[in-house]
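>>> Okay, here's the prediction I keep looking at, along with the sequence it came from:
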Amino acid sequence: VNGRYVPTETFNGRPKFRQINGSGIIYYDSFWKINFHDDTGGWYYSHPLPNMVPPIGDWTTQGYGGEDADPAPMLMRSFDVGNLVKFVNFDEELWDA
């Protein structure tokens, strides 16, 4: 899921983000979720806050049944490339996780 994300559509009243040059998505369904492919029926990472955009800070693997997703990402606002998940929100600000 490391890479840059851009909003592509609205899902459950919030922006759904798709990974540029990849298949990952960030979406909201009762809480924020990150999945490795475009499937809103599952997720690897989650965050409980109901923000209008994916929340910054630590995410978890809560709700994911496997053990192959650790460590969970930390989402932060940054312009560094680094080893992080990045997405661009509707204001064209760069965010990292």
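Structure received.
>>> okay, now residue 39: neighbour count?
11 (other C-beta atoms under 10 Å). From N, CA and C alone the C-beta is placed, and that goes for glycine too.
>>> From residue 16, how far off is it?
Counting by C-beta to C-beta, to the nearest Å, the separation of residue 39 from residue 16 is 12 Å.
>>> Output the below-cut-off pLDDT ranges for this protein.
76-97 (pLDDT under 70).
>>> name the element the residue nearest in space to the middle of it belongs to?
Centre of the chain computed as the mean C-alpha position; nearest residue by C-alpha atoms, centre = their mean is residue 26, 3.6 Å away. Secondary-structure element containing residue 26, defined by DSSP states H and E: strand 25-28.
>>> Also residue 67?
Per DSSP H and E: residue 67 is located in neither a helix nor a strand.
>>> helices or strands next to the lengthiest strand in the chain in the packing?
For the chain, the longest strand by residue count, based on DSSP state E, is strand 3-11. Strand 3-11 is packed against strand 14-19, strand 25-28, strand 85-88, with contacts defined by 3 or more C-beta pairs under 8 Å, 6 or more residues apart in numbering; DSSP states H and E.
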